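pasting the sequence and the predicted coordinates here, then a few questions.
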Amino acid sequence: MPEEVLKVINLKKRYGKNEVIRGVSFSINRGETKVVIGPSGAGKSTMLRCLNRLVEPDGGKIYFNGIDITSKDVDIREIRSKIGFVFQHFNLFKHLTALDNVKIGLKVVKKIDDREATERAYQALKAVKLENEADKYPAQLSGGQQQRVAIARALAMDPEIILFDEPTSALDPQLVGEVLDVMKNLAKKHVTMLVVTHEIGFALSVADEVLFFYNGVIWEKGTPKEIIYNPKKKETKEFLGRIFELYSRGENS
Amino acid sequence: MEVTLQAAIGMLLAGAKITIILSFFSIFLGFILGIIVAIAEVYGGKIVKGIAIGYENIIRGIPLLAIYFILFFSIPIMLGIGMSPFLAAIVGLGIRSSAYQSQIFRSGIQAVDKGQVEAAQSLGMSNGQIIMHVVLPQALRFSLPAWMNEYTIVLKDTSIALAIGIIELTARANQLVAVTVEPFLYYGMAGLIYLAMVLSVSYFAGYLSKKYKIKGVGGMIRA
């Protein structure tokens, strides 16, 4: 039986009167890649942030390796160190080199000694093909490179799952490919991933399941082919229609 | 009465030495308190934040001379514990400066983007670790020009300590004027020494800004 890394049951979050997440349930097994798509403002980022409690959920349960991490007794910092998070705007530490960005979690959180931390950070940078840029500062790197450093920073912690929050949305189009390539590689190595993205091609090539997020709930879900080529619901069709229109316009121009 | 130029310069430099020592201890005390107040203001809960903001506003609302008189004359009477003039001078100026330094550091802390704090949280860092390893290293860099400016202010405001009997640079000039009746000469010389000290600090600030500039970020900041 497949092992559930993450199981979400009836997750809810509201900001004042605005109910952003209205009862979301899903699970991810070890080694799976799941992709979340959906219009802006649907609550995708908020949902992702609830999963490591960067945002406190108002209701529902989140089980990580079978442990309810919404419980107040749980040491959320320890849980977070096992859940990688890659942000839309990279969020690298600007005063640290690429290598030190990757090292800092190992040293400060995992208390690994400097030599081993350096070694592991190099390995992680190698995995994103940036070992030659190790001594550069974030501001000296391109957006794509910065995002790859951010992925290396998450990878180095040896997480059980990595959450991606629109990892390519802030990038110039010509830089999107290098980041997606790194992510596809991770998917092929069966790193467990939950990816919020608009990159339909990525979903088609590596996702085990696609979740269409709409109006604070999972409106429709299925295999990438089912959802992308043959969606059942009107809202899913409309959303994908807009995405395809955008893409084809890009091709014609 | 005649005073040789050499003797006068010696006296003024002896005063300048006290000025520098006083300014060092005061800026240091202000630094420690200022960082604590700034962190309390940005990250504290309602009560902690309220206390920090209250402290800052009260201190900024009292003239330094009054702070000195409170420390040196009122508190000994109220509490029965006295302070040496020198300690009172450091504490008074340090407290005053802490209120201004806290504003400098607060804006420095707020200039570190929230995304980096989120990233540090997602790695599993504690709030203390985030402040030490992510926020302060950047906030202090952002604060450096304004902080060096605050230091020049502290340096000059040490002169007010003469009111509680500290014989620093201005007090030395007073003494020379009292015996020679040549105010233009000796206050002028004291002024030049202050100017030289302030210019040195500004020069040093420029050097530090360059040295600690984060590679690839912005231009050089002039203090």
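On my side now, so go ahead.

mind telling me what element the residue most central in space within chain B is part of?
In chain B, the residue lying closest to the centroid (C-alpha atoms, centre = their mean) is B:Ile27, at 3.4 Å. Counting by DSSP states H and E, the element that carries B:Ile27 is helix B:5-43.

following that helix in sequence, what is the next regular element?
Toward the C-terminal end, the helix or strand that comes next after helix B:5-43 (DSSP H and E) is helix B:46-60.

by contact count, what packs against that following helix?
Contacts defined by 3 or more C-beta pairs under 8 Å, 6 or more residues apart in numbering or on different chains; DSSP states H and E place helix B:46-60 against helix B:5-43, helix B:85-110. The C-beta positions use only the backbone N, C-alpha and C, and glycine is treated the same way.

still on that earlier bit, just confirm the residue nearest to the centre of chain B contacts B:Asn149, I think it does.
No. Using C-beta atoms under 8 Å, B:Ile27 is not in contact with B:Asn149, being 11.6 Å away.

for the residue nearest the centre of chain A, give the beta-bridge partners.
Closest to where the C-alpha atoms of chain A average out (C-alpha atoms, centre = their mean) is A:Phe164, at 1.3 Å. Judged by DSSP bridges, the bridge partners of A:Phe164 are A:Val86, A:Val195.

any idea how far it lies from A:Lys237?
In this view, A:Phe164 and A:Lys237 are 25 Å apart by C-beta to C-beta, to the nearest Å.

ok, B:Leu192 next?
81 Å.

cool, and B:Tyr194?
76 Å.

residues contacting the helix or strand bottoming out on mean pLDDT in chain B, please?
When each helix and strand of chain B is scored by mean pLDDT, DSSP states H and E, helix B:75-79 comes last, with a mean of 89. For helix B:75-79, the surrounding residues in contact (C-beta atoms under 8 Å, 6 or more residues apart in numbering or on different chains) are B:81-83.

where in chain B is pLDDT low?
Applying pLDDT under 70 to chain B picks out residues B:1, B:218-223.

which residue ranges of the stretch 101-250 of chain A form helices?
Assigned by DSSP state H, counting those that start in this stretch, the helices in the stretch 101-250 of chain A fall at A:114-127, A:143-156, A:173-188, A:200-206, A:224-229, A:234-252.

which positions in the stretch 51-200 of chain A make contact with chain B?
Applying C-beta under 8 Å from any C-beta of the partner chain, we find that the stretch 51-200 of chain A lies next to chain B at A:52, A:54, A:77-85, A:87, A:89-95, A:104-105, A:108-109, A:136-140, A:150, A:153, A:157.

which among these end up buried?
By neighbour count, with 16 or more other C-beta atoms under 10 Å in any protein chain shown, these hold A:52, A:54, A:77, A:79-85, A:87, A:89-95, A:104-105, A:108-109, A:136-138, A:140, A:150, A:153, A:157 as buried.

quick one: A:Glu4 and A:Glu32 touch, right?
No. Counting by C-beta under 8 Å, A:Glu4 does not reach A:Glu32; the two are 9.8 Å apart.

more neighbours: these two, which one.
A count of neighbours by other C-beta atoms under 10 Å in any protein chain shown puts A:Glu32 above the other of A:Glu4 and A:Glu32, at 21 against 15.

count of neighbours near A:Val191?
For A:Val191, the neighbour count with other C-beta under 10 Å is 21.

go on, B:Ile58?
The number of residues packed near B:Ile58 is 10, by other C-beta under 10 Å.

that one and B:Phe184: what is the separation?
Computed as C-beta to C-beta, the B:Ile58 to B:Phe184 distance reads 39 Å.

list the contacts for the closest residue to B:Leu162 other than its chain neighbours?
Computed as C-beta to C-beta, 6 or more residues apart in numbering or on different chains, the closest residue to B:Leu162 that is not its neighbour in sequence is B:Ala171, at 4.0 Å. Residues near B:Ala171 by C-beta under 8 Å, 6+ apart: B:15, B:159, B:162.

around chain A, which positions in chain B sit nearby?
So far as C-beta under 8 Å from any C-beta goes, chain B lies against chain A at B:113, B:115-116, B:118-126, B:129, B:133-134, B:137-138, B:141, B:214-217.

any of the residues you listed buried? List them.
Neighbour counting by 16+ other C-beta under 10 Å classes B:116, B:118-125, B:129, B:133-134, B:137-138, B:141, B:214 among these as buried.

what's the span of stretch A:159-167 from first residue to last?
End-to-end distance for stretch A:159-167: 17 Å, by C-alpha to C-alpha, to the nearest Å.

and that stretch, what's its mean pLDDT?
Mean pLDDT, stretch A:159-167: 96.

next, the residue nearest to B:Leu162: phi, psi?
Note on B:Ala171: backbone dihedrals following degrees, to the nearest 10 are phi -60, psi -40.

output the below-cut-off pLDDT ranges for chain A.
Chain A contains residues with pLDDT under 70 at A:1, A:248-253.

picking that back up, out of B:Tyr194 and A:Lys237, which sits in the busier spot?
Using other C-beta under 10 Å as the criterion, B:Tyr194 and A:Lys237 rank with B:Tyr194 on top: 19 against 13.

secondary structure element holding the closest residue in space to the more buried one that isn't next to it in sequence?
The shortest distance from B:Tyr194 to any non-neighbouring residue, by C-beta to C-beta, 6+ apart, is to B:Lys156 (6.1 Å). Secondary structure from DSSP H and E places B:Lys156 in helix B:136-157.

what's the angle from that helix to helix B:5-43?
Per axes from the mean of the first three to the mean of the last three C-alpha atoms, to 10 degrees, the angle that helix B:136-157 makes with helix B:5-43 is 140 degrees.

quick check: buried residues in helix B:136-157?
Result for helix B:136-157 [16+ other C-beta under 10 Å]: buried residues B:136-152, B:154-157.

what does stretch B:163-172 give?
Quick answer for stretch B:163-172 (16+ other C-beta under 10 Å): B:164, B:166-172.

now swap in stretch B:17-34 and tell me
Residues of stretch B:17-34 classed as buried by neighbour count (16+ other C-beta under 10 Å): B:18-19, B:22-23, B:25-27, B:29-31, B:33-34.
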